[in-house]
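Student: Pasting the sequence and the predicted coordinates here, then a few questions.
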Amino acid sequence: MLSKSSKKAINEPEKMAFKIIQGWLLQAEKKLSPHFSERSVDDEISLLVIHNISLPAGQFDNNYISDLFLGQLDISQHPSFSDLAGVRVSAHCLIQRDGHIIQYVSFNDKAWHAGVSSFQQKEQCNDFSIGIELEGTDDKDYTAEQYQQLIALTHCLQDNFPAIMGHVVGHCDIAPNRKTDPGQSFDWCYFRQQLKSK
Ligand SMILES: [Zn+2]
């Protein structure tokens, strides 16, 4: 029996390949966010950005992230939410602690995840990127289920959008003065190794 807490356990071959149809991941739960815009024809998808989020910070057992991305967050629910009043953001996908994936915006559209950002001298990364949120914090280990799903999803995205290959970064890399996520808790070495080995 595989230990759920051990990253080693997910060296087992991943049987079920992910599939994207018309911009939507079949394996994800779909929740439609109003926070998106159309991509321009010039904007080839060529970057994958990994983030983290938790609301309130460090708490994982609620639906506040979806509420935020759907524009439905009740800011009276927690004192820290007052900062989020009127904030309109989204990501393409959220990978929850148990590995469950929710998709909010079609990959064919822009999600509003990167903010002021640049990658290889190109500004406004939302235009040409896909944003994936891991439910978590900068200093708490992500779960084996999250790595497994992220790796399967990255493979699928690379198959569908080949220009992403080799361009997988953290939010901290494209907005270094503003953002730290996915934080030191994200094991890039392990992630890249797993990505190559399948
Ligand atoms: Zn971020």
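Tutor: Sure thing, it's come through. Numbers count the residues shown, from 1 in each chain.
Student: Low-confidence regions, this structure specifically.
Tutor: 1-16, 198 (pLDDT under 70).
Student: Just the element for the residue nearest in space to the middle of it, please.
Tutor: Among the residues of the chain, the one closest to the centroid is residue 132, at 1.2 Å (C-alpha atoms, centre = their mean). Residue 132 belongs to strand 129-135 when assigned by DSSP states H and E.
Student: Which strands and helices lie in contact with that strand?
Tutor: Contact analysis of strand 129-135 by 3 or more C-beta pairs under 8 Å, 6 or more residues apart in numbering; DSSP states H and E lists strand 47-53, strand 93-95, helix 144-160 as its packing neighbours. C-betas here are computed from N, CA, C, even on glycine.
Student: quick one: strands adjacent to the first one?
Tutor: Spelled out, that is strand 47-53. Partner strands for strand 47-53, per DSSP bridges, with pairing direction: strand 129-135 (parallel), strand 168-170 (parallel).
Student: After the shortest one, heading C-terminal, what element do we hit next?
Tutor: Going down the chain from strand 168-170, the next helix or strand is helix 171-174, by DSSP H and E.
Student: Tell me which residues are up against that following helix.
Tutor: 47, 49-51, 113-114, 117-119, 125, 179-183 (C-beta atoms under 8 Å, 6 or more residues apart in numbering).
Student: 7 Å instead, please
Tutor: Helix 171-174 is contacted by residues 49, 51, 114, 117-119, 125, 179-181 when judged by C-beta atoms under 7 Å, 6 or more residues apart in numbering.
Student: Closest to the ion out of those residues?
Tutor: Taking C-beta to the ion as the measure, the ion lies nearest residue 51 of these, at 3.2 Å.
Student: so the closest one makes contact with residue 182?
Tutor: Yes - counting by C-beta atoms under 7 Å, residue 51 touches residue 182, with 6.2 Å between them.
Student: more crowded one of the two?
Tutor: Set residue 51 next to residue 182 and count neighbours by other C-beta atoms under 10 Å: residue 182 wins out with 27 against 21.
Student: and the residue lying closest to that one once chain neighbours are set aside, what are its bridge partners?
Tutor: Leaving aside its sequence neighbours, residue 182 sits nearest to residue 52 (C-beta to C-beta, 6 or more residues apart in numbering; 4.6 Å). Beta-bridge partners recorded for residue 52 (DSSP bridges): residue 134.
Student: how deep is residue 52 tucked in, by neighbour count?
Tutor: 24.
Student: okay, how far is it across stretch 165-185, tip to tip?
Tutor: The first residue of stretch 165-185 is 23 Å away from its last residue (C-alpha to C-alpha, to the nearest Å).
Student: which parts of it are buried?
Tutor: For stretch 165-185, burial by neighbour count (16 or more other C-beta atoms under 10 Å) applies to 167-175, 179, 181-183.
Student: need the contact list for residue 90.
Tutor: So residue 90 contacts 33, 35-36, 69, 104-105, 111-113 (C-beta under 7 Å, 6+ apart).
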